[in-house]
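Asks: The following block contains a protein sequence and its predicted model.
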Amino acid sequence: MGLNLSLQQLRYFTAVARRQHIGAAARDLNMTQSPLSRQIAAIEAELGSPLFLRVGRRVRLLPAGQALLEEAERLLSAFERFEGKARAIASGDGGVLRIGYVAAALHAAPLPEALAHIAAAAPDLEIRLRPMRSHEQFQALEAAAIDVAIAHGPPPEGLAHGHRFHVEPFRLIGPAVWLEVAAERWDSLSERPFIGLPADAFPLARAVLAAGCERAGFRMQVRHEAEDVLAALAMARAGLGLAIVQESLAGGVASVALPASFEPRVELWAAARQDGGAAGRRLLNALIAPTDKDAAP
């Protein structure tokens, strides 16, 4: 049958062992001497062996007590580490924060800035980023496989707290001479090759962009495909065609603003599980607009 000893009793034992004096240990523990003496006697009775030799007002560790002191200190130290880690997780200062994200989120300033803020405020927090499409993130949230989703739209109702934290326009990039003509005649783009998302993997996104082009007065004739936006940038720089990219990616390459009639925008939403931890709520608060902070969970 196992021993029936509490962590508090181990604290009593180690305090007396270190001080080798019941009265001094009692003062350290903020208790009176008699209850502490009874606790030591109860520990010895439970173990079935004396641990101290009483010498006047002092005590000395017997071999059995000496052998147990190191283990008791190790157990108490381990529990203190456990307790500290548990408190850090509860406060959002420690543990693991699992974040799903769409690629556009890393190219927009708010997410990197929020991650830098979190890392500075909670240096013991481990952050794990997982690239995922929006619907995959919501499935992962439901399965508790991630803590926060950074997606292109709001989560399904009842699944998570969601906040739109970033909106930016698209720009058109490609050979400068084509862009100069486009600024005068947008319909001239209908004759140019485009670099687009693969139709089989991203049918909705491609259809939305194509419809936006039609409303802006030109057709998006996709000749080349690139799933990675950085690959599309490289292809456009190489002169293979035109590409529609989020504004934050258009620096350092020839680009023009699309007409006001081109309606699609890059939207980023942050969603955290309603029963999620403090670290997820902290990230959400770092991302959402200041005017919405009071609405964050």
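Replies: Everything's here; your move.

Asks: Residue 128: how many residues sit nearby?
Replies: The number of residues packed near residue 128 is 11, by other CB atoms under 10 Å. Yep, even glycine has a C-beta here, placed from its N, CA and C like the rest.

Asks: Now the nearest residue in space to it that is not next to it in sequence: which helix or strand?
Replies: By the measure of CB to CB, 6 or more residues apart in numbering, the closest residue to residue 128 outside its immediate chain neighbours is residue 98, 4.9 Å from it. In the assignment (DSSP states H and E), residue 98 maps to strand 96-101.

Asks: so where's the stretch 151-297 of the chain uncertain?
Replies: Of all residues in the stretch 151-297 of the chain, those with pLDDT under 70 make up the ranges 275-276, 289-297.

Asks: now the helices for it?
Replies: Assigned helices in the stretch 151-297 of the chain, in chain order: 176-184, 203-216, 229-237, 278-287 (criterion: DSSP state H, counting those that start in this stretch).

Asks: Would you tell me which one of the ones you listed is buried the most?
Replies: Highest mean neighbour count of the helices of the stretch 151-297 of the chain: helix 278-287, a mean of 23 (counted as mean count of other CB atoms under 10 Å).

Asks: In stretch 125-136, which residues are buried?
Replies: For stretch 125-136, burial by neighbour count (16 or more other CB atoms under 10 Å) applies to 125, 129, 132-134, 136.

Asks: Could you work out the most separated pair of these?
Replies: 125 and 133 (25.5 Å; CB to CB).

Asks: Am I right that residue 160 is in contact with residue 280?
Replies: No - contact criterion CB atoms under 8 Å: residue 160 and residue 280 do not qualify, at 9.4 Å.

Asks: can you list residues touching both of those two?
Replies: Residues within reach of residue 160 and of residue 280 at once, by CB atoms under 8 Å, 6 or more residues apart in numbering, are 272-273.

Asks: If you compare the directions of the strand holding residue 98 and helix 278-287, what angle comes out?
Replies: Put simply, strand 96-101 runs at 40 degrees to helix 278-287, going by axes from the mean of the first three to the mean of the last three CA atoms, to 10 degrees.

Asks: helices or strands next to strand 96-101 in the packing?
Replies: For strand 96-101, the contact count by 3 or more CB pairs under 8 Å, 6 or more residues apart in numbering; DSSP states H and E identifies strand 126-131, helix 134-142, strand 148-151, helix 278-287 as packing neighbours.

Asks: can you state the direction angle for that strand and helix 134-142?
Replies: 160 degrees.

Asks: Need the residues that contact strand 96-101.
Replies: 111, 118, 125-132, 136-137, 140-141, 145-151, 277, 279-280, 283.
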